[in-house]
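Novice: Generate a structure from the sequence data that follows.
(2 chains)
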Protein chains: 2
Amino acid sequence: MGGDHGPSVTVPAALHFLASVPDARLLLVGRPETLEAALAAVRARGARRRSAVPDDERIELRPASEVVAMDDPPATALRSKRDSSMRVAIDLVKNGEADACVSAGNTGALMAISRFVLKMLAGIDRPAIASQMPNQRGGTTTMLDLGANVDCEPEHLLQFAIMGSALVAALEGREQPSVGLLNIGEETIKGNDTVKVAAELLRASPLNFYGNVEGNDIYEGTTDVVVCDGFVGNVALKTSEGLARMLGGYIREEYRRHVFTRLIALLSFPVLLRFRKRLDPRRYNGAALVGLRGVVIKSHGSADAYAFEFALRRAYDAVRNGLLQGIAERLPKVVQAGASAPARGGAVDAAGASVNQPTAP
Amino acid sequence: MGGDHGPSVTVPAALHFLASVPDARLLLVGRPETLEAALAAVRARGARRRSAVPDDERIELRPASEVVAMDDPPATALRSKRDSSMRVAIDLVKNGEADACVSAGNTGALMAISRFVLKMLAGIDRPAIASQMPNQRGGTTTMLDLGANVDCEPEHLLQFAIMGSALVAALEGREQPSVGLLNIGEETIKGNDTVKVAAELLRASPLNFYGNVEGNDIYEGTTDVVVCDGFVGNVALKTSEGLARMLGGYIREEYRRHVFTRLIALLSFPVLLRFRKRLDPRRYNGAALVGLRGVVIKSHGSADAYAFEFALRRAYDAVRNGLLQGIAERLPKVVQAGASAPARGGAVDAAGASVNQPTAP
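Specialist: Take a look at the predicted model:
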């Protein structure tokens, strides 16, 4: 029900996803009449186009009478909307009926409800938001945390590294992903005390720790995983969005300047289209809320059906390739290696920050 | 003497700068034979092209026998190289012979020596690195700190806001620049304790405080000044560099794909050139080390003569428009307004981070 567009986006995406993934099943959670109407609309469109409409038995509706609004404070969503589609969906994960929950709704609420209902994995203190960013090598860099934790201890950064490694293993099939610690210089003397201690913990761990990386390394693809606290990660992500939008705007302006440049733009269309496609933020849609006892994927609120389907695929891949087991397996080894540094507890800022994917120009 | 290219860049830039600014005078500091040779080379080139070569009496050589290497630790540069060009140049500012020092050398060393020799302005605890970034509105956003301070107290962020405001007033002639506090959401409840308290200090100050801004606001030009701690600022800056490089690389690749796209690229050349010019990082070269009792401008180490001249112009503008007085005048008002929050002292991480301007694609 969530996101800027609700079922008019999530339902078509869900059906399209089912059509291409034969062993997937979907539980659509929300107001039954709204979901039925959205389903009927897609089927009518499908019939007109004679395109495949997946079997009914792979779709099940689960009623939920309330909807978490995009601007509901997390506490309100958690305490006052116990029959929201978000809450019911996460309850389904909790009781084992669903393997994963995908939502385009309010990030803070999703985080708070997930944490309250699912609880944390043993050995993980705080959930983190992880997303994949396109990089220069043509692959992706998995970055976390992107805004769930505004203050982090070194142990949290180590835990993010574990979860990021498991995520890359599950989503990209790389078993020993390299991990970089986001810092303001490559030398070990750089940075604040938190990253210096985190670097020591990472070095002592069995993870494939590369060392310090800088902001530019995210897009250079120096490492598979980039670890940072949620404040820094969120700023890096949103700065990227802003820069990409500005550059895109500049390109448009320059091409629109006069008749000649408009003609060039027309001729350049295939080039610009390829360029755009390559950076299409929709392909990177679907941030993982990691550290929970369940798979929860957050789609961009403004996602269209194409983008939302990518979020569904991420959830599917994460479950199919054992994300949770991957985290659990990596954890004891790391905890053993760094036994001298017991993990400290700490409250998470569940209010978090809204997380968006970088916007292509 | 500093930077990746030394006098082969700084000397031509200096002469070109002098030719266009009639009331400027330059003291070139470094190894006399190297500087003489660079000067002679420029003059010979100028004579061949019959271009104006500025009067000799506006250039003076000041000998310095040593050079701070780009990888010298700041402490080494400070303690063991007392006759370095960097040290002698800053001494000239200290004793009033020069109004400003411009260097393309080692940032950490420049910061450490400046701080040791010049000392801080009364009421300012730590120097900060401030730079101008292009924004969507066609203007610039002044951002600080970009890497001098990895841990900041709220009072430091307030001081950065004062210095940033004075810098915009001096360099852009805007008397009451708007100030944004970099955070992970616009709402006052967002962020860590440091930014929350800093927001209160800023709100109570006579500065033109806009409120919280997010990463994307830097390039949207929401405010004239964006204030953040040096860790976050450095990551934002370098992330931008990485993204711009990646996008530039993608554009090049797409245009080079085959004969047709190469032809389009040729036709698009004027458009791409304008686009490139608009974002040319060389035009934003020259970060200010603010908070010191003297004007010190840091050029990008890889700057060419065109870029280095911009750094010289920034130094000239900062002096001509009374940057230091601007900071001093804003300070007592702010301190009065926020008398309940005494500024705490604190050591600066002079090792800092190398600061680079965003790289255009």
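
Novice: How about the residue nearest the centre of chain A: what's its closest non-neighbour residue?
Specialist: Closest to where the C-alpha atoms of chain A average out (Cα atoms, centre = their mean) is A:A287, at 0.3 Å. Distances taken as Cβ to Cβ, 6 or more residues apart in numbering or on different chains put A:S131 closest to A:A287, at 4.1 Å, once the chain neighbours are dropped. Any C-beta I mention is one placed from the backbone N, CA and C, and that applies to glycine too.

Novice: and the host helix or strand of the one you found, how far out from the chain's middle?
Specialist: Secondary-structure assignment from DSSP states H and E places A:S131 in strand A:128-134. Centre-to-centre, strand A:128-134 and its host chain are 5 Å apart (Cα atoms, centre = their mean, to the nearest Å).

Novice: Between strand A:128-134 and the following helix or strand past it, find me the angle.
Specialist: Past strand A:128-134, further along toward the C-terminus, the next helix or strand under DSSP H and E is strand A:140-144. Here strand A:140-144 runs at an angle of 160 degrees relative to strand A:128-134 (axes from the mean of the first three to the mean of the last three Cα atoms, to 10 degrees).

Novice: quick one: strand A:140-144 to chain centroid distance?
Specialist: 10 Å.

Novice: ok, it: who's next to it in the sheet?
Specialist: strand A:128-134 (antiparallel), strand A:225-227 (parallel) (DSSP bridges).

Novice: Provide a list of residues in contact with the one residue in the stretch 51-200 of chain A that gets nearest to chain B.
Specialist: Nearest residue of the stretch 51-200 of chain A to chain B, counting by Cβ to the nearest Cβ: A:I184, 3.8 Å away. A:I184 sits next to A:190-191, A:214, B:147, B:150, B:230-231, B:234-235, B:238, B:353 when contact means Cβ atoms under 8 Å, 6 or more residues apart in numbering or on different chains.

Novice: circling back to that earlier point, mind exporting the strand holding A:S131 as CSV, just the C-alpha atoms?
Specialist: Provided in CSV are the C-alpha atoms of strand A:128-134 (Å, rounded to 0.1, in the frame of the first residue of the first chain):
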residue,chain,number,x,y,z
ALA,A,128,21.5,-0.9,8.9
ILE,A,129,20.3,0.2,5.5
ALA,A,130,22.4,-1.2,2.7
SER,A,131,22.1,-0.3,-1.0
GLN,A,132,24.0,-1.0,-4.2
MET,A,133,25.5,1.9,-6.1
PRO,A,134,26.7,1.6,-9.7
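
Novice: now what about it, what contacts it?
Specialist: Contacts for strand A:128-134 (Cβ under 8 Å, 6+ apart): A:107, A:111, A:140-149, A:159-160, A:163-164, A:167, A:171, A:218-219, A:230, A:233, A:237, A:240, A:278-279, A:283-284, A:286-291, A:298, A:352, A:355, A:357-358, B:246.

Novice: Just the buried ones among these, please.
Specialist: The neighbour count (16 or more other Cβ atoms under 10 Å in any protein chain shown) marks A:107, A:111, A:140-149, A:159-160, A:163-164, A:167, A:171, A:218-219, A:230, A:233, A:237, A:240, A:279, A:283-284, A:286-291, A:298, A:352, A:355, A:357-358, B:246 as buried among these.

Novice: Any idea how many residues pack against A:S8?
Specialist: 15 (other Cβ atoms under 10 Å in any protein chain shown).

Novice: surely it meets A:A38?
Specialist: Yes. Between A:S8 and A:A38 there is a contact under Cβ atoms under 8 Å: 6.1 Å.

Novice: the helices in the stretch 51-200 of chain A, which residues?
Specialist: Listed in chain order, the helices of the stretch 51-200 of chain A (DSSP state H, counting those that start in this stretch) span A:74-80, A:85-94, A:107-118, A:154-172, A:193-204.

Novice: possible to save these as CSV with mean pLDDT?
Specialist: Converted to CSV, the helices of the stretch 51-200 of chain A look like this (pLDDT from 0 to 100):
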stretch, mean pLDDT
helix A:74-80, 91
helix A:85-94, 97
helix A:107-118, 95
helix A:154-172, 95
helix A:193-204, 94
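
Novice: Could you dump these into TSV and include distance to A:H16?
Specialist: Below are the helices of the stretch 51-200 of chain A laid out as TSV (distance: least, Cβ to Cβ, whole Å):
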stretch	distance to A:H16
helix A:74-80	28
helix A:85-94	19
helix A:107-118	23
helix A:154-172	20
helix A:193-204	40
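
Novice: mind giving me JSON lines with those helices and columns for distance to chain B?
Specialist: Below are the helices of the stretch 51-200 of chain A laid out as JSON lines (distance: least, Cβ to the nearest Cβ, whole Å):
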{"stretch": "helix A:74-80", "distance to chain B": "11"}
{"stretch": "helix A:85-94", "distance to chain B": "20"}
{"stretch": "helix A:107-118", "distance to chain B": "9"}
{"stretch": "helix A:154-172", "distance to chain B": "13"}
{"stretch": "helix A:193-204", "distance to chain B": "8"}
